Each structure stands twice: as structure tokens, then as C-alpha cells.
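S.K.: Quick one: sequence plus predicted model below, questions after.
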Amino acid sequence: MTSIDASSTPSDDRSALRANCADCFALCCTAFGFQRSTDFPIDKPAGTPCLNLADDFSCAIHESLRPRGFRGCTVFDCFGAGQLVSQELFSGTSWRERPDTSAEMFATFSVVRQLQEMSWYLVEATERTAASDLVMHISRLRIGIQRILDGGTSEILACDVESLRADIRSVLIDVSEEARGGYLAGADTEPGDDLHPSADLAGRDLRARRLCGADLRGAILIGADLRGADLAGVDLLGADLRDTRLDGADLSAALFLTQMRLNAARGDEAALLPTTLDRPGHWTTASRASSPTDGELSP
């Protein structure tokens, strides 16, 4: 097996994978479209500026997005793709200054955002595994992504995102099995048969369940009640956490949780989070985590 020069592997520093809106040309507010829904109060075609976009690329209603129905805006995370595309790939020249570049810029942003998200997962995977073969595989994938980004817009737009995503998904599953095994080994009970990848757990009260080490990859947890739950070793890759109740829950050792998934959930200041993620601004002040016998759920 060919060795990898450690100096060629991208840094584990996540700063480049965090959004910096001040250095972005509001690409999330222009490149993507959305339809009227519980997340957005209006329709907006892709490639057009949001009606709330100010001349300086800031949001004119940033402080009141949720009350005005733009919940989707408060959930979104570009993983640093916005500033990378705006400042590096397009040299700080905006789509307003060069309208002829807008289509290419928006298409590039869409791909780079996906590559940045994959990189985020791979950084965590590096931290979660001690298996040398997995470490080597992860390093190759990360170097491959960096080479695509270094190749400029032509290479970015030509890359096979779906193939790369499939490769990364496979290695993340392997890392997950290794990490979750530590929580399942020696446990008196295992998560039930209903706790599995892509499980439909919408609205379910899971407060009394043993969840540690469960594989909830891609699970539907919309409105599920996980208040006070211990989610150590729970794989949440791609899980739908919209309005999931996380008050007082311990997510500090959950696997593959991202800021975007967390932003979609409901919680409070008592919830324990991974050190790499921020507490969403809409979460409430702490209250006692309810037990399964508390009766009627509070709204």
C-alpha cells in the first residue's frame, strides 16, 4: 500500500469549514431557490437574490428571520463554501460587479458546499478511528477533495460528486461501526430493532429508551422527543432533526452531528453539545428535562 505524506494531508483545523458571511457574496441567498413552506413564507427561484438581501450582501431582516417565517435561513450552513468561492475562487469580485460570472459562481458554490460538508465529516472520522487502514483511506479522500478545490472552477464543476459521496459514505459507516462498538460492548441491553438506519421515528417519545450506540443514520426524527436522552455513540449522519426535542439531552459524544442538523432541532441551554458546534440562537433557557411519566407534552 502506498504511503501518504502526512504533510500533504489537509489540516484538521475546522476554521476553513465554518461559514464567514462577512466574506461571502450572499451566495446562499442567491444561488439556491426555495418554495413557500413551513421554512419559507415565499417562493424564490434559484439564481435570484432574496428580496431581503441588502446592497452590502447582508440580510435586512437577519434578527427576525424566524418570526417572519424564514426558518430555513437560520438552519442552513455552507461549511465555509461561501467565503471560499467568493474570495478565493472568484478573487473577491462579486456577481453584482461581474453579472456574467453569476451562473458559474452559483454552480460552483453548490458543488463546493457539498465538498466542504464531506470534508467536515472526514475530519471527524479521523478523530473517531484508530484503525490504520481507515486513517489512510480517510487521508486519501481528504487529499482528493483538496485537489479538486485547488483545481479551480473547471475541475470543481467536472468532479463526480455522487461517486465521491458514495466512497465517503462507505468509510463513515466503517468508522461508525468502530466507534459505536465501544458503547455496545458489555451493555446490558441493545437499542431495539426499531432503532436502525432510516427508521421512521417521527413524533416518537424516546425518553425511556436506551439509545447509546444506536445507528440512526438517515433516521426521521421530526418532532421526536429526546429530552434528557444520552446520545453517546449515536450515529446521526443525515438524520432529520427538524423540531426534535433535545432539551437537556447529552449530544456531546454523538456521531456525525452537524450545525445544520442541530439548528433544525429544538433544545435548551442544558443540552450538552460537541465542542465543535454552537448552541442555536433560538434554543430556550434551561428547564427540567421531562420524564416519560410527566403527562402532556409542553408545546
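M.R.: It's in.

S.K.: from here on, contacts and neighbour counts on C-alpha atoms
M.R.: Will do.

S.K.: could you give the mean pLDDT of stretch 266-276?
M.R.: Averaging pLDDT along stretch 266-276 gives 97.

S.K.: Excluding chain neighbours, what is closest to the spatially most central residue of the chain?
M.R.: Taking C-alpha atoms, centre = their mean, the centroid of the chain lies closest to T258, which sits 3.4 Å from it. Distances taken as C-alpha to C-alpha, 6 or more residues apart in numbering place L277 nearest to T258, at 7.2 Å, with adjacent residues excluded.

S.K.: what do you get for A103?
M.R.: Nearest to A103 is G47, by C-alpha to C-alpha, 6+ apart, at 7.3 Å.

S.K.: Quickly find the element holding that neighbour.
M.R.: Counting by DSSP states H and E, no helix or strand carries G47.

S.K.: again with N263
M.R.: According to DSSP H and E, N263 maps onto helix 259-264.

S.K.: Identify the residues contacting that helix?
M.R.: 74-77, 238-244, 277-278, 280 (C-alpha atoms under 8 Å, 6 or more residues apart in numbering).

S.K.: Would you reformat those as a markdown table and include distance to A229, secondary structure and neighbour count?
M.R.: Converted to a markdown table, the contacts of helix 259-264 look like this (distance: C-alpha to C-alpha, whole Å; DSSP: H, G, I helix; E, B strand; the rest coil; neighbours: other C-alpha atoms under 10 Å):
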| residue | distance to A229 | secondary structure | neighbour count |
| --- | --- | --- | --- |
| T74 | 25 | helix | 18 |
| V75 | 22 | helix | 18 |
| F76 | 25 | coil | 14 |
| D77 | 25 | coil | 20 |
| G238 | 19 | coil | 17 |
| A239 | 16 | coil | 20 |
| D240 | 17 | strand | 24 |
| L241 | 14 | coil | 24 |
| R242 | 17 | coil | 19 |
| D243 | 15 | coil | 19 |
| T244 | 12 | coil | 24 |
| L277 | 18 | coil | 14 |
| D278 | 19 | coil | 12 |
| P280 | 18 | coil | 19 |
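
S.K.: Next, the buried residues of the longest helix anywhere in the chain.
M.R.: Looking across the chain with DSSP state H, the single longest helix is helix 102-128. By neighbour count with 16 or more other C-alpha atoms under 10 Å, helix 102-128 contains the buried residues 102, 105-126, 128.

S.K.: hmm, back to that, so which of the contacts of helix 259-264 comes closest to A60?
M.R.: Within the contacts of helix 259-264, distances to A60 taken as C-alpha to C-alpha reach their minimum at T74, with 13.7 Å.

S.K.: for the closest one, what are its contacts?
M.R.: Counting by C-alpha under 8 Å, 6+ apart, T74 makes contact with 65-66, 263.

S.K.: next one: E117
M.R.: Neighbour list for E117: 17, 78-79 [criterion: C-alpha under 8 Å, 6+ apart].

S.K.: what's around S15, how many residues?
M.R.: 11 (other C-alpha atoms under 10 Å).

S.K.: R96 too?
M.R.: R96 has 12 nearby residues by other C-alpha under 10 Å.

S.K.: Now R96: closest residue in space that isn't a chain neighbour?
M.R.: S102 (7.9 Å).

S.K.: Check the gap between that neighbour and L84 for me.
M.R.: In this structure, S102 and L84 are 15 Å apart, going by C-alpha to C-alpha, to the nearest Å.

S.K.: Averaged pLDDT, stretch 216-223. What do you get?
M.R.: Across stretch 216-223, pLDDT averages out at 98.

S.K.: so T244 makes contact with A219?
M.R.: No. Using C-alpha atoms under 8 Å, T244 makes no contact with A219, being 11.7 Å away.

S.K.: Now rank the contacts of E117 by neighbours and give me the top one.
M.R.: Highest neighbour count within those, by other C-alpha under 10 Å: F79, with 27 neighbours.

S.K.: Look at it and give its secondary structure.
M.R.: Under the three-state scheme (DSSP: H, G, I helix; E, B strand; the rest coil), F79 adopts coil.

S.K.: residue contacts, it?
M.R.: So F79 contacts 16-19, 113, 116-117, 120 (C-alpha under 8 Å, 6+ apart).

S.K.: picking up where we left off before, quick check: the residue nearest to T258 vs S119, distance?
M.R.: L277 is 15 Å from S119, where distance means C-alpha to C-alpha.

S.K.: separation between the residue nearest to the centre of the chain and F90?
M.R.: As judged by C-alpha to C-alpha, T258 and F90 stand 27 Å apart.

S.K.: which ones are touching C50?
M.R.: C50 is in contact with 29-30, 44, counting by C-alpha under 8 Å, 6+ apart.

S.K.: typo on my end, A199
M.R.: Going by C-alpha under 8 Å, 6+ apart, A199 touches 216, 218-220.
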